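S.K.: heads up, no residue letters with this:
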């Protein structure tokens, strides 16, 4: 078993060093101001706010969020400062950045707690 740098190993229990937070900053998530820490990922900010669905698929409107967490799967795509399709797990936040977690074009999220989406034009055949 490999022990992380700064960790202490005691009888199969690994104690990690404390997390050192950087400066607290303010960012915007879907138009709402949110406190974050400089250097953390967009995914960390969204998860800390209880946001689990970052986008909806274009074809079926299914919710997507963090999956692999290392930038391979592309499920966590968001828009940051007007730049679409950035991976939230790899994109660091910066003071004043605007993060958008919106459904893909042609879809709108329902107001229900299930996070499902429906076509804007109401075409139920697409579902």
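M.R.: Right, received. Where do you want to start? Predicted model only: the values in this text are computed from it and were never measured.
S.K.: helices along the protein, start to end?
M.R.: Ranges of helices in the chain, per DSSP state H, are 42-48.
S.K.: buried ones in stretch 44-62?
M.R.: Neighbour counts over stretch 44-62 (16 or more other C-beta atoms under 10 Å) mark 44, 45, 46, 49, 51, 53, 54, 55, 56, 61 as buried. (Each C-beta comes from the backbone N, C-alpha and C, glycine too.)
S.K.: among those residues, which are located in strands?
M.R.: Judged by DSSP state E, strands contain the following of those: 55, 56.
S.K.: what's the closest of the buried residues of stretch 44-62 to residue 96?
M.R.: Residue 96 lies nearest to residue 45 out of the buried residues of stretch 44-62, by C-beta to C-beta, at 13.0 Å.
S.K.: from residue 102, how far off is the closest residue to the closest one other than its chain neighbours?
M.R.: Using C-beta to C-beta, 6 or more residues apart in numbering and skipping the chain neighbours, the partner closest in space to residue 45 is residue 36 (4.5 Å). From residue 36 across to residue 102, the span is 19 Å (C-beta to C-beta, to the nearest Å).
S.K.: cool, residue 24 as well?
M.R.: When distance is defined by C-beta to C-beta, residue 24 is 26 Å away from residue 102.
S.K.: more crowded one of those two?
M.R.: Between residue 24 and residue 102, counting by other C-beta atoms under 10 Å, residue 102 is the more crowded of the two (15 against 10).
S.K.: so for the more buried one, what pLDDT did the model give?
M.R.: Per-residue confidence (pLDDT) for residue 102: 73.
S.K.: measure it to residue 81 for me?
M.R.: Residue 102 is 14 Å from residue 81, where distance means C-beta to C-beta.
S.K.: got it, and residue 100?
M.R.: As judged by C-beta to C-beta, residue 100 and residue 81 stand 9 Å apart.
S.K.: which one's more surrounded, these two?
M.R.: residue 100 (16 against 13).
S.K.: show me the beta-bridge partners of that one.
M.R.: Applying DSSP bridges to residue 100 yields these beta-bridge partners: residue 79.
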